[in-house]
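sequence plus the predicted model coming up.
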Amino acid sequence: MLRSGDTGQRVRDLQNKLKRAGYSLVADGIYGPNTENAVRAFQRKYKLAVDGIAGPNTLNKLDAVLKQPAKPSQPTKPKPGSSNGSAVVPYPGYVIKRGSTDSSNVSRIQRALNITADGIFGAQTESAVKAYQKRKGLAVDGIVGQATWNTLF
């Protein structure tokens, strides 16, 4: 069982698994607020008890999710107003965060968040990303990783 305040390799392993499952966080081996938020988001998504603690049920479900083979990509046309779970704009393959210099993707994110699109990922953009992540039940870290990107786009 892992919980807020824990540190070490087991926490780092959990963080890496959460990252592979699409959650944006840093695998630093510290079970802090970002890890707890990612665990809560995972628990919510898979209808587990949402307590932010990585206990046996959460860990077993995470392992099961990661063992599932990737679904073959078959182009499907989603119904109007629905989402097929993938991004309309493909994820660029790297996190975009405060200080990022990819102005075209930063501007795209800013437009999606309905803030001034200046291409600079600064405090205002980070704050808008955090608010968006909170509204959508994502890990609130202000970083646009794959899960946040796919939800935005």
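Good, I have the coordinates.

and the residue nearest in space to the middle of the chain, which of the three is it?
Nearest to the mean C-alpha position of the chain, counting by C-alpha atoms, centre = their mean, stands Tyr23 at 3.2 Å. For Tyr23, the assignment made with DSSP: H, G, I helix; E, B strand; the rest coil gives coil.

hang on, it packs against Trp149?
No: applying C-beta atoms under 8 Å as the test, Tyr23 and Trp149 come out as separate, 12.0 Å apart. All C-beta atoms are positioned from the backbone trio N, CA, C, and that covers glycine.

for this structure, give me the ranges with low pLDDT.
In the predicted model of the chain, residues 70-87 satisfy pLDDT under 70.

distance check, Asp102 against Tyr94.
Between Asp102 and Tyr94 the distance is 8 Å, computed by C-beta to C-beta, to the nearest Å.

which residue ranges of the chain form helices?
In the chain, the segments counted as helices under DSSP state H are 9-20, 33-45, 56-67, 103-112, 123-136, 146-152.
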